[in-house]
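S.K.: I'd like to go over a predicted model; first the sequence, then the structure.
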Amino acid sequence: MTALFYLLGVVIFALAILVSIGLHELGHLIPAKRFGGKVTQYFVGFGPTVWSKQVGETEYGVKAIPLGGYVKIVGMLPPGATALADEVTYDADGNQVTKVRKSNTGMFTQLISDARAAEWELVGPDDNDRLFYKLPWWKKVIVMAGGPTVNLLIAFFLFLLVFSTYGVKTEEVAPGPPVIEAVSKCVIPYAERDRKCRESDEISPALDAGLLPGDTVTSFNGIPITGWEQLRKLIRDNDGGTATIGYERDGQSLTGTTSTTVEARPESETSETLREVGFLGVVPTMHTTTETGGVLFTLDQMGTMTVHTVEALATLPVKVWDVGQAILGMEERAADSPVSIVGGGRLAGETVSHDTFPVLDKAVLLVMLIAGFNFFIGMFNFVPLLPLDGGHIASALWEGIRRGIARLRRRPDPGYVDAAKLLPVAYVVASAMLVMGVVLIIGDLVVPLHLEG
């Protein structure tokens, strides 16, 4: 039964991502058609065609590899100053002017030339006024931003559903003297924190002082304790000194004496930077708080997510490199490392098949996982580099800026931005994306992340 539930989770996640991909591409297709552009293909997936149907001038279909999708909008690349032999060229107003000979000087020039040739094979005699590159810059922005915007909207509505009903649950220590949740039996180096105690390990100072789960710490070296952060700082500042701890157990005031040991520990709850500090070996009891909210609350939460996502995108190559090292067994895979769709599917399967999670918690985790993927896909596609949507948006914005400047300065119209000149960058970015995608997929198969709890 567990295997069946696991498969159910994977299928739900896969279908949700496929639907998201299809809606993303509709975000490009609908405005492109509305603005008079010619769209010849709309496909979900890559590789061999599984199914397709021609509706008007557009072929709709599904391909075998469900790792993306695309729409083919005719005329993405202008003919350029030097066009292919037997290719029609146009001036800024779209009028046919001449035929020129092909120029092939250098590898990148050939790549650009080939790309233009492939692009213009689809241009028919009646398509002169329907070419994408001739659209006003703001229409190009709308068409290219439509896809990732759809992903962000999907994420927003899914987050809104969760935040307005289930809420955001956070764990924090209750105000007042901390109640001990757990006592370490021994001192384990932070780098080996996932292992169990060994006979050779030193007994923890907390256990040596006689502390037990359920005790309330009331003083440390004679200083009254009012909260966990105060106690934590006193312990860390104590280094290897004597520690006299006052605590209550079942209404009785007791005192224990020990010496804190010096250990390398994280500087804060959110930092992995280690420094030598005093260590006692206690964990406070955490209390769960729930906060719910509507549209503004959701937007605020997504604002915080945006900051974290931008930071994640900036460090993505480094994190993928770390996953590659984990694959080779050179280091442990970090819990915050990125995952591929394969990893997302595994996490979805573990969520649905988890034995101890209530059904509501499973549903919420699954929705949050799907929303999170949509949010990342949307943000990633806004990166201003070709072949991502953000690269086309940046080109269109630059076209609008330089044409606006030319009008203000009463200069001749500089014409359309030639995105084909950026194709070498696009090939490098696409290659990097392919390599990172393969590494993450292998990592999710060889050293997968697992659901906590």
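M.R.: Perfect, I can see it now.
S.K.: roughly how far apart are the residue lying closest to residue 146 once chain neighbours are set aside and residue 253?
M.R.: Sequence neighbours aside, residue 27 is the residue nearest to residue 146 in space, at 3.5 Å (criterion: CB to CB, 6 or more residues apart in numbering). Heads up, the C-betas are built off the backbone N, CA and C, glycines and all. For residue 27, the distance to residue 253 equals 65 Å [CB to CB, to the nearest Å].
S.K.: so between those two, which is more surrounded?
M.R.: Neighbour tally, residue 27 and residue 253, criterion other CB atoms under 10 Å: the higher count belongs to residue 27, 24 against 11.
S.K.: next SSE after the helix or strand hosting the more buried one?
M.R.: If you go by DSSP states H and E, residue 27 is part of helix 2-34. Downstream of helix 2-34, the next assigned helix or strand under DSSP H and E is strand 39-55.
S.K.: excluding its own residues, what touches that next one? List them.
M.R.: Contact with strand 39-55 is made by 18, 21-22, 25-26, 29, 32-33, 57-74, 122, as judged by CB atoms under 8 Å, 6 or more residues apart in numbering.
S.K.: flag every buried residue along it.
M.R.: Across strand 39-55, burial judged by 16 or more other CB atoms under 10 Å covers 39, 41, 42, 43, 44, 45.
S.K.: ranges for the helices of the stretch 151-300 of the chain?
M.R.: Counting by DSSP state H, counting those that start in this stretch, the segments of the stretch 151-300 of the chain that form helices are 205-208, 228-237, 295-314.
S.K.: comparing these, which comes out most buried?
M.R.: Scoring the helices of the stretch 151-300 of the chain by mean neighbour count under mean count of other CB atoms under 10 Å gives helix 205-208 as the most buried, with a mean of 23.
S.K.: ok, and what's touching that helix?
M.R.: In contact with helix 205-208 (CB under 8 Å, 6+ apart) are residues 180, 183-187, 243, 256, 258-261, 279-282.
S.K.: tell me how far it lies from the chain's centre.
M.R.: 42 Å (CA atoms, centre = their mean, to the nearest Å).
S.K.: just stretch 309-328 next, same as before
M.R.: 11 Å.
S.K.: contacts for stretch 346-360?
M.R.: Residues contacting stretch 346-360 (CB under 8 Å, 6+ apart): 2-3, 5-10, 12-13, 166, 339, 362, 365-366, 369, 444, 448-451, 453.
S.K.: narrow the contacts of strand 39-55 to those in strands?
M.R.: 58-73 (DSSP state E).
S.K.: please list all residues in contact with residue 18.
M.R.: Residues near residue 18 by CB under 8 Å, 6+ apart: 44, 66.
S.K.: who's residue 53 bridged to?
M.R.: residue 60 (DSSP bridges).
S.K.: can you tell me how far it is from residue 26?
M.R.: 16 Å.
S.K.: what do you get for residue 52?
M.R.: Counting by CB to CB, the gap from residue 52 to residue 26 is 16 Å.
S.K.: how much space is there between residue 247 and residue 175?
M.R.: Taken as CB to CB, the span from residue 247 to residue 175 is 18 Å.
S.K.: in terms of packing, which of the two has more residues around it?
M.R.: Using other CB under 10 Å as the criterion, residue 247 and residue 175 rank with residue 247 on top: 26 against 10.
S.K.: which SSE is the most centrally placed residue in the chain in?
M.R.: The residue lying closest to the centre of the chain (CA atoms, centre = their mean) is residue 376, at 3.7 Å. For residue 376, the host element (DSSP H and E) is helix 359-381.
S.K.: show me the shaky parts of the stretch 151-300 of the chain.
M.R.: Residue ranges of the stretch 151-300 of the chain with pLDDT under 70: 267-272.
S.K.: strands along that one, start to end?
M.R.: 168-173, 180-183, 216-220, 223-224, 242-249, 252-259, 261-266, 274-279, 282-284, 286-291 (DSSP state E, counting those that start in this stretch).
S.K.: would CSV of those with distance to residue 198 be doable?
M.R.: Output for the strands of the stretch 151-300 of the chain, formatted as CSV (distance: least, CB to CB, whole Å):
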stretch, distance to residue 198
strand 168-173, 30
strand 180-183, 17
strand 216-220, 27
strand 223-224, 34
strand 242-249, 24
strand 252-259, 20
strand 261-266, 16
strand 274-279, 17
strand 282-284, 20
strand 286-291, 28
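S.K.: nearest to residue 329, of the ones you listed?
M.R.: strand 274-279 (22.9 Å; CB to CB).
S.K.: ok, that closest one: who's next to it in the sheet?
M.R.: strand 261-266 (antiparallel).
S.K.: now the angle from the partner strand to helix 228-237?
M.R.: Counting by axes from the mean of the first three to the mean of the last three CA atoms, to 10 degrees, strand 261-266 lies at 120 degrees to helix 228-237.
S.K.: name the residues of strand 261-266 that come out as buried.
M.R.: So for strand 261-266, counting by 16+ other CB under 10 Å, buried means 261, 263, 265.
S.K.: contacts for that strand?
M.R.: Residues from elsewhere that reach strand 261-266 (CB under 8 Å, 6+ apart): 187, 189-190, 202, 205, 236, 239-240, 272-279.
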